[in-house]
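>>> Predicted coordinates and the sequence they were generated for:
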Amino acid sequence: METTVVGGVVKAMTTEATKGGVTFVTTRLNYLVRYKKMVDDLKNAVSILSAHKADSEQCIEKARGEDKEVTHGMKRWLSEVTKLEEKVKKMVNDCEENMGILELGKQYKLGKDADKLMVEAEKLQKEWSTLTILHSSTVPPFSARPRKEFNDYISMRGILNEVIDALKDEKKCLLAIYGMGGIGKTTLIDQIGRQMEEEKVFDVVIAVELSQNQGVSQIQDLIAEQLGKNFKANSVEQKSGELASALKRAKSILIMLDNLWTEVDLRKIGIPFSEDHNGCKILLTTRKIEVCDQMKTDAKFSVDLLSEEESWDLFKSEAGEVVTITEIESIARKVACECAKLPLALVVVGRALRGKHERDTWDNALRQLRESNPKDLINVEEKVFKCLELSYNHLNRDDWKLLFLLCSLFPEGYELSEDELTRVGIGEDMFGKFNNLEEARGNMHMLVLKLIDSCLLLTKKVKTIKMHDVVRDVAIYIASRHENGFFIESGSRTNELLGEEVFKQFKRISLMNSGISELPTIRKGRVDKKNLHIKGADHIASWVRLLLREVEDLCVDNCFWNAAPLLEFAGLETLTGFSNLKILRISNCQRIAYLIRRMANSALEDAFVKLEELYLTNLDNLNGVSEGTLKELTFGNTRKIHITACKGMFSVMPYSLLIRMHHNLEELRVRDCEELRGVFYFLSYETSVVMFDHLKDLYLLDLPKLCDVFHDQVPKGSFRNLKDVHIQGCNELKYIFPASVINGFQCLEKLVVSDNANMEEVISDDSFILDENAFPKLIVLMLAYVPKLTHFYKVETEIKIFSWPSLKNLKLGVCKGLKMLPIGSDSAPQLKKIELVEQSDRDWYTGLVWDNATTSKCFETLVSGSERRFR
C-alpha cells in the first residue's frame, strides 16, 4: 500500500517537474519533509493577524457613537482575516488528529495548502500596516436632498437676502422665520440651505423637518440621522453629549429646524452655539411669534403674502395654459383671488384645476371656495385646510379656539375691532365674572394677541384685526361642524329662505352682508341671543324686534331709517325699551334724530335702564340723545358716553337727560361735532344735590362752535372725582371752568388745554374766589396753542398763583398773550423742568413776569417738539 502511495506522489512530482523544471521538485519535496513546520509557521503568522484584528475591533468599538465609520479597506481586511483564521483552524485540527503515521499524500497536501495560505497571510500582514481603521463619516451634501421649488419672487427674494445677511453676521447665532401655515417657510429655508452650501459659507448644512409633539429625544435622532451618526447611548443626557461633540467637530455648521411648535432647549438637545460653538448657526421656522420670543432669537423675520401679480403668476404656472383661454381667464383670476395670495393655496388649487377646460368646472370651483367647502377640488381640503387647521389644533385653550371661530362670523375682508370682539365675547360668557367692561376689553386684548402671535390673525390698525381669507375659510370649515353650533352666511349671495330650525339648532348665526331678504316667523322662546349687529338695513323686520327685546349688546351700523327715534324703529315705543341692553353702538346712520323721544301721551316706561356704554359715531342728523321728559330710571346706569362726528347735535346733556344720567357716568368724550354749543345744562336744578360724583374723564375735542361747558349754576361739590380733562380744538370757547366749579376739583390729575384759538382764560371769575390749594393732586398741565390766553385765573386785576404740590409735568407754548404763569417761588416743589413745544417759545418764556426774580431759575427748560396733543 505504501509503495502505491509513494509511487503516486512521485508520479505527481515527476509530472510537475516536467512542466516547470527541477526547482519545482525541490519545493514539492519540502511539502513532504517540512509540512509540520510549515503549518506551525502559518499558525504563528495567523496569530499575529488575529492580534491585529482584535486591536482593530477594540478601536472600532470605542469609536461607536462618534461621527466615524470603519473604512471599506478595513472591513474587507477583517473579513479576509476571519476567513483565513477558519481555514487555518481546520488545518491545525487535521494535523493534530493525525500525529501518528500520516499518508504521504496527506502530508504533501498539508504542506502545499500551508504554503499557499502563508502567502495570503503575508499579504494581509503587509496590508495591515497601510490600512486606516476609521474615517470621519461624511454628511451628505444639502444639495443631495430633493429640491423644493422656489419661486424667485421679489417678496421672497427680499426676506431670503435678509436672512442670509443675518447668517453671515458673526454677532447673530439664533435666527427665526415665522409666518402662517402654507406661506412658504419650508421652501424658503430649502433655498437658503442650498445657497449657503453653494457659497461655502458653512462646512455642513443640515435641515430637520419636525412634526407635531416631537420631544427632545426624537429631535436628537433626526439630527443624528442627518449627520450619519449612530448613538452609543440611549438617554437624552448622554445623547446630548455625543451630539454636541459631533457638532463641535465641524468648524462651521448651519442647523435648520423647520416647523417648530413650542420652545425647545437647544443645549438639552445637544446643539452647541454662542460661546459653546461660535461656528454653529441655528435657523428655525415657526407659526408662532411667541416661540421666537421664548427662545430669545437674535433676529426674527416675517414671511409676507405674495403680491397680486406674483399670485397670478404662481397660479398660472400651476394651472397651466388652460388659464390663457379667453373663456376661462376671467373666472381663473377670481379663483386665484380666493386663494388670497397664499402660496400653498395657489399651488394646490392651481394643480387641482390643471387641464380643466370646462367653464362649469371653474364656476363650481369658485363657488366651493367661496362657501369654504372645496369638496371637489383635489387635495385642497387635505393639503390646505388640514395644514392650517394644525394651527387651530395647537391652541391649547378653549377660549383661544372659540375666539378664532368667532372671527369667522364676520364677512371676508372685514376689519374687526377689539371692541366688537369684546361684545361678542361677553355674549359668549368668555370672561366669566369681571368687574367692568374695561377689564373685559383687557381680557379680549390678550386673547387677540395670542391669535396674532399664532399667525391666525393679521393686525391692521391699532386694536383692529383682520382674518386672512383662506384662514377664515378654514375657520368656517371647522365652525360649521355641528358640535360648534355656528351658522355662517355672512358675505354669501344666497337669497334662500331660512327655516326656523336654523334658529333652534345653532347658537351663533351670522347673516352679515348676505342676500337673505326674508326670515321665517320665529316664535317667542325660540331665540336667546345676547349680541346683535345690524348693518345696512333700511327697515327692521319682526324677527329683529324679537331679538331687540332680549339683546345685551347692540351695534347698528349704516342703516337707512327715517328721521325718528331708534325706539320707534325697534317697535318698542310702547314698551320698556331695550330692557336688557348694556352696550349700544350706533354709527353711520344718517337719518336717526334721537335715541328716545317721550311725548306727553307716550306709554313708554323706563328705557335703557341697564345701559352701561353708549357710542354714537357719524350721525349727521342726530339732534340729541333724547327729547322730552324721561322716566326716572332711564339711562340711570350709564357709565361711558362717546360721541363722535355728530354734526347736527346742539347740546350733549340737556337738563332732562342730565338729571337721569349723572348718577353713574364715569367717562364723557365728545369730538368733531360741528354744531355743538354746550355740554352740561344745569338750569335750575337743586344746588344742594352733588352731580356727576363718579365722572373721572372729560374729553372735549375739535368742537369749533362750543362756547359753554357748564351752563347755569353747578351744584356745590359736583365733579369732585374728575381726574382727566382735555379741552382741545374748541375755538369759540373763551374759558373752561367757572371758579365755583373748579373749587370742587380735588382729584384732578391731568389738565390739557390746547388748540383753542380764542380762549382768554382757563378759569373765569364768577364771584367765587379760589384759594392757592385749588389743585392739590394735579400732576400734568399743558397750555399750548392758545394764542389769546392772557392768564390762567384772575380776580379783578390780580393774577392768582397756586401751590401745585403734585405738579411734575408742565408743557407750554404758542401762547404769546400769556404774560405770567400761575406759579410762585414756593409753588410746584416737584416740578424740575418746563417743556416748551417750539424753539421760538424760548424768547416768549424769557419775557415772562414772575412773582420774584429767582422763581424762573428754579426750573430747567427744554424744547420737546411740536406735538400738539396729549392723547
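Perfect, thanks for sending it.
>>> Double-check residue 203 against residue 253; I have them as touching.
Yes - taking contact to mean C-beta atoms under 8 Å, the distance of 6.4 Å between residue 203 and residue 253 places them in contact. (C-beta placed from N, C-alpha, C; glycine too.)
>>> Looking at the two, which is more packed in?
The residue with more neighbours, out of residue 203 and residue 253, is residue 253; 24 against 14, by other C-beta atoms under 10 Å.
>>> which ones are touching the more buried one?
The neighbours of residue 253, taking C-beta atoms under 8 Å, 6 or more residues apart in numbering as the test, are 202, 203, 204, 205, 206, 247, 279, 280, 281.
>>> That one bridge partners, please.
Taking DSSP bridges, one obtains residue 204, residue 280 as the residues bridged to residue 253.
>>> Against residue 706, how distant is residue 615?
Counting by C-beta to C-beta, to the nearest Å, the gap from residue 615 to residue 706 is 20 Å.
>>> oh, I was asking about residue 690
Residue 690 sits 25 Å away from residue 706, going by C-beta to C-beta.
>>> Equivalent analysis for residue 39, please.
If you measure residue 39 against residue 706 using C-beta to C-beta, the figure is 123 Å.
>>> Surely residue 610 is in contact with residue 639?
No - judged on C-beta under 8 Å, residue 610 makes no contact with residue 639 at a distance of 11.1 Å.
>>> Of those two, which one has the most company?
Under the criterion of other C-beta under 10 Å, the comparison of residue 610 against residue 639 puts residue 639 first, with 20 against 15.
>>> and the residue nearest to the more buried one when sequence neighbours are not counted, what does it touch?
Take residue 639 and drop its neighbours on the chain: the residue closest to it by C-beta to C-beta, 6 or more residues apart in numbering is residue 666, 4.7 Å away. For residue 666, the contacting residues are 639, 640, 694, 695, 696, 697, by C-beta under 8 Å, 6+ apart.
>>> same thing but at 10 Å, please
For residue 666, the residues meeting the contact criterion (C-beta atoms under 10 Å, 6 or more residues apart in numbering) are 436, 438, 612, 638-641, 692, 694-697, 721.
>>> what's the helix or strand for residue 177?
Using DSSP states H and E, the element containing residue 177 is strand 174-178.
>>> what's the offset of that strand from the middle of its chain?
If you compare the mean C-alpha spot of strand 174-178 with that of the full chain, they lie 14 Å apart, counting by C-alpha atoms, centre = their mean, to the nearest Å.
>>> mind listing what that strand pairs with, with the direction of each?
Sheet pairing here is set by DSSP bridges, and for strand 174-178 it gives strand 280-286 (parallel), strand 299-302 (parallel).
>>> Restrict the next helix or strand after the shortest one to CA atoms and write it as CSV.
The reference is to strand 299-302. Beyond strand 299-302 in the direction of the C-terminus, DSSP H and E gives the next helix or strand as helix 308-319. Taking only C-alpha atoms (Å, rounded to 0.1, in the frame of the first residue of the first chain), the coordinates of helix 308-319 have been written out as CSV:
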residue,chain,number,x,y,z
GLU,A,308,-51.3,90.2,-6.7
GLU,A,309,-49.0,89.9,-9.7
GLU,A,310,-46.9,87.2,-8.1
SER,A,311,-50.0,85.3,-7.0
TRP,A,312,-51.4,85.2,-10.5
ASP,A,313,-48.0,84.2,-12.0
LEU,A,314,-47.8,81.3,-9.5
PHE,A,315,-51.4,80.2,-10.1
LYS,A,316,-50.8,80.3,-13.9
SER,A,317,-47.6,78.2,-13.6
GLU,A,318,-49.5,75.5,-11.6
ALA,A,319,-52.8,75.6,-13.5
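>>> residues in contact with helix 308-319?
Under the contact criterion C-beta under 10 Å, 6+ apart, helix 308-319 has outside partners 149, 151, 153-156, 305-307, 322-324, 328-329, 332-333, 335-337, 339-343, 345-356, 362.
>>> Out of the residues you listed, which end up buried?
Buried residues within the contacts of helix 308-319, counting neighbours by 16 or more other C-beta atoms under 10 Å: 151, 153, 155-156, 305-306, 322-323, 328, 332, 335-337, 339-343, 345-353, 356, 362.
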